[in-house]
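Novice: The following block contains a protein sequence and its predicted model.
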Amino acid sequence: MSRRTAYERTIRFLDQCTVPDGARAYAISFPADRVSPRVEPPLGLRDQVERRFGKSGEIPEGRIDDALDFLDEIAPQPSNRYGMASVWLTLRCQFHLLDPGTGRPVSGQDPQRFGEVQYVWSVPLGTSGLLLSLHNQAALAVDFCIPDPTEDLLRRLAPWLAANVPFKFSPKHWRVWTPTKTGSFRGKTLEPFW
């Protein structure tokens, strides 16, 4: 799947199935600087990125087409043995899932309710989050939070999400989080029944 197609399908999913919980954050950066083996960007690429997008790397949503064009211009990028390229365009956001039956947010999606415990770094229980990374490839990490899921809700929601997410949806990755006596949460794999 091309970078642009991955981006467009991700935005379509967000628009159809979610309501935002804060602003979407776009950035162009050099994450390969922090891994080993390090990927050296081609000479002058850092200056080119800074001239075109600024020193911070943050990109307003209105400049995403320009950033996608830029990735096309520099493709294919050199990569390390793990396929990690030097320049990435990322989209990070948190959101609340919609109930396909009502078109309104699924009830109970509130991080305060769970004491802001994070099951994934920067995604507290009660919210859902997404990270789209575009470089030589497209990679998407998504975490859904469905508090107090009833069988009826899961039977409606899971197939609807599966039909709209921009990737192959596997029921093997669902987890149930249960409060412990100490106030933390314990995860357990949920057997799909839908």
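Specialist: Looks like it came in fine.
Novice: which helices and strands does the helix or strand residue 186 falls within pack with?
Specialist: Per DSSP states H and E, residue 186 falls inside strand 185-189. If contacts are counted by 3 or more Cβ pairs under 8 Å, 6 or more residues apart in numbering; DSSP states H and E, strand 185-189 sits against strand 175-179. For the C-beta atoms, the positions are set from N, CA and C on the backbone; glycine is no exception.
Novice: list the buried ones in the strand it packs on?
Specialist: Residues residue 177 are the ones in strand 175-179 that count as buried (16 or more other Cβ atoms under 10 Å).
Novice: how many neighbours does residue 44 have?
Specialist: Counted by other Cβ atoms under 10 Å, the residues lying close to residue 44 total 9.
Novice: Mind pulling up the pLDDT for it?
Specialist: Confidence at residue 44, expressed as pLDDT, is 94.
Novice: ok, now how distant is it from residue 30?
Specialist: 13 Å (Cβ to Cβ, to the nearest Å).
Novice: Show me where the protein has its helices.
Specialist: Taking DSSP state H to define them, one finds helices in the chain at 3-17, 45-53, 64-74, 151-164.
Novice: mind checking which helix or strand of this protein has the lowest mean pLDDT?
Specialist: Every helix and strand of the chain was ranked by mean pLDDT, DSSP states H and E. The lowest is strand 118-120, at a mean of 71.
Novice: So which residue of the protein lies furthest out from the middle?
Specialist: No residue in the chain sits farther from the centre than residue 181, which is 31.1 Å out by Cα atoms, centre = their mean.
Novice: residues contacting it?
Specialist: Applying Cβ atoms under 8 Å, 6 or more residues apart in numbering to residue 181 gives no contacts.
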